[in-house]
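K.L.:
Sequence and computational prediction follow.
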Amino acid sequence: MFTGIVEEVGHVAKIEIKGENRRITITAQNTPKQLKTGDSVACSGVCLTALDITPTSFCADLAPETWVRTSLSRITEGALINLELPLRFDARMGGHIVQGHVDGVGKLIEFEPIPNSDDYWLHIEVTPELERYLVYKGSIAIEGISLTVARLDGLRCTIAIIPHTVEMTNLKSLKPGDPINIETDIVAKYLEKWMVRGDLKKEELQVEALTAKGF
């Protein structure tokens, strides 16, 4: 489990084809030193398994499904990639619950400077399958970054981005039209399933009922 708080930005040093899979080699200053073979690591929001670890790099194998269904299909050697190690139980939890299981790929529309501010509006386009789980002020993971939905207009989702987030993640390397990994809030998916099965009625969407179910 992750929190969507990016710890480091690595570089894709190599992409190799290994049978049906692709193996990527990622270089980074700190993350490899904390990994051992078989550990999970979130790479731009995709939970991968660390292999062939050195003090400055690690490898990860991408199955065809992962390659095709995530934004990793656009990466090239030299690309920037967001890195996060799994949540430690003895650490504070910022962000929100992120599994590293990408729900789908959206498209970056633009970074719009906010007047009289150093911040930006990040506009992205999502599919109907993703939009159903997005709500105003709700959580969303974009490229593995925990962010908050500021506005919804059809299939366009807008998020406020501060300069620190741009500089400390791979967002600074993305351009309009690029695919981006999106993981929606897992809570919304559980609530939908319970309502479809009849385990939860609309009138039960109260604090007491949700607390009783573990939220």
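P.N.:
Good, I have the coordinates.
K.L.:
can you give me the strands in this structure?
P.N.:
Taking DSSP state E, the strands of the chain run over residues 8-18, 21-27, 40-43, 46-49, 51-54, 57-62, 80-84, 104-113, 120-125, 139-142, 145-153, 156-161, 179-184.
K.L.:
Next, count neighbours for Val6.
P.N.:
A total of 24 residues lie near Val6 under the criterion other Cβ atoms under 10 Å. C-beta: built from backbone N, CA, C; applies to glycine.
K.L.:
Lys33 too?
P.N.:
As a burial measure, Lys33 scores 12 neighbours (other Cβ under 10 Å).
K.L.:
now Phe58
P.N.:
The burial count for Phe58: 28, using other Cβ under 10 Å.
K.L.:
same thing with Ile114?
P.N.:
Ile114: 12 neighbours (other Cβ under 10 Å).
K.L.:
Just the pLDDT at it, thanks.
P.N.:
Confidence at Ile114, expressed as pLDDT, is 94.
K.L.:
Looking at the strands of the chain, spot the one closest to Ser73.
P.N.:
Across the strands of the chain, Ser73 has its closest neighbour in strand 179-184 (7.2 Å, Cβ to Cβ).
K.L.:
which helices and strands does the closest one pack with?
P.N.:
strand 104-113, strand 139-142 (3 or more Cβ pairs under 8 Å, 6 or more residues apart in numbering; DSSP states H and E).
K.L.:
Quick check: which of the strands of the chain is nearest to Met93?
P.N.:
The nearest among those, by Cβ to Cβ, is strand 145-153 at 10.3 Å.
K.L.:
Pull the contacting residues for Asp52.
P.N.:
For Asp52, the contacting residues are 25, 37, 58-59, by Cβ atoms under 8 Å, 6 or more residues apart in numbering.
K.L.:
Now pLDDT too, for those residues, in JSON lines please.
P.N.:
Output for the contacts of Asp52, formatted as JSON lines (pLDDT from 0 to 100):
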{"residue": "Thr25", "pLDDT": "98"}
{"residue": "Thr37", "pLDDT": "97"}
{"residue": "Phe58", "pLDDT": "98"}
{"residue": "Cys59", "pLDDT": "98"}
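K.L.:
got a markdown table for those residues, with distance to Phe89 too?
P.N.:
Output for those, formatted as a markdown table (distance: Cβ to Cβ, whole Å):
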| residue | distance to Phe89 |
| --- | --- |
| Thr25 | 30 |
| Thr37 | 22 |
| Phe58 | 23 |
| Cys59 | 27 |
